[in-house]
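**Student:** Structure here, sequence nowhere to be found:
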């Protein structure tokens, strides 16, 4: 029963549509009707500004971290904390509080890694940051970090770098998370190909997207 309870709590935590609720409550704006229509961090930054975007980012990360640490704090050892955290990612992507239409799972996935493998998260954040500076696109940075995550979770344990040994559940979930994030960015990938993707106001824009 404890495990079922943790799964439900994790899913409900993930289901909190932070950007959507902040937009409606404090700005009287429905994010679904503006920008990309997404309720995640990037569109919140773009439509509502830095304060709302930062708040959304922090809360969406903490949803994943809290869900992952709950079984540790409660002394539940029958199930991996990573698996509980995964249900927060599902909740974020398919939120019961927002008609099952959620974000792209990047921030909440980062939160799960923060709770389970923080050093590995720092490595992926470095990849994300470098890509963001070079190409000025959050979407591409998310996709590249996901691809690198899929590759390195298979390679790093073999060379004992950051990940010292293979954990089949960790490997499987990282691959699923990575593939899912890539899939959720399929529209962004198409816009990148068309040179029409949204840019952040810094970086080198090496792919020469057309600035809006």
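**Tutor:** Sure, I can see it. In this text, all values refer to a predicted model and were calculated from it rather than measured experimentally.

**Student:** Tell me how many other residues crowd residue 95.
**Tutor:** Neighbours of residue 95 under the rule other CB atoms under 10 Å: 22. Heads up, the C-betas are built off the backbone N, CA and C, glycines and all.

**Student:** isn't it right up against residue 101?
**Tutor:** Yes: if you go by CB atoms under 8 Å, residue 95 and residue 101 touch, sitting 7.4 Å apart.

**Student:** Output the longest helix belonging to this protein.
**Tutor:** Secondary structure of the chain per DSSP state H: the longest helix is helix 50-73.

**Student:** quick one: average pLDDT of that helix?
**Tutor:** The pLDDT scores in helix 50-73 average 97.

**Student:** Please shift the residue numbers so they start at 2 in all later answers.
**Tutor:** Yes, from this point I'll number from 2; that puts the last item at helix 51-74.

**Student:** Who are the packing partners of that helix?
**Tutor:** Applying 3 or more CB pairs under 8 Å, 6 or more residues apart in numbering; DSSP states H and E, one finds that helix 51-74 contacts helix 3-15, helix 19-23, helix 42-49, helix 82-94, helix 107-117.

**Student:** ok, residues contacting the third one?
**Tutor:** Looking back up the chat, that one is helix 42-49. For helix 42-49, contacts defined as CB atoms under 8 Å, 6 or more residues apart in numbering pick out 19-20, 23-24, 28, 30, 32, 35-38, 53-55, 57-58, 61, 104, 107-108, 139-140, 199.

**Student:** Give me the neighbour count for the nearest residue to residue 70 once chain neighbours are set aside.
**Tutor:** Nearest non-adjacent residue to residue 70, counting by CB to CB, 6 or more residues apart in numbering: residue 116, 4.8 Å away. For residue 116, the count of nearby residues is 24 (other CB under 10 Å).

**Student:** before we move on, the earlier item: pull out the buried residues from the contacts of helix 42-49.
**Tutor:** 19-20, 23-24, 30, 32, 37, 53-54, 57-58, 61, 104, 107-108, 139-140, 199 (16 or more other CB atoms under 10 Å).

**Student:** which residue is nearest the centroid of the protein?
**Tutor:** Nearest to the mean C-alpha position of the chain, by CA atoms, centre = their mean, lies residue 107 at 1.3 Å.

**Student:** show me the contacts for the closest residue to that one other than its chain neighbours.
**Tutor:** Of all residues not flanking residue 107 in the chain, residue 143 sits nearest, at 4.8 Å (CB to CB, 6+ apart). Contact partners of residue 143, counting by CB under 8 Å, 6+ apart, are 105, 107, 129, 182, 186.

**Student:** gap between residue 162 and residue 120?
**Tutor:** 10 Å (CB to CB, to the nearest Å).
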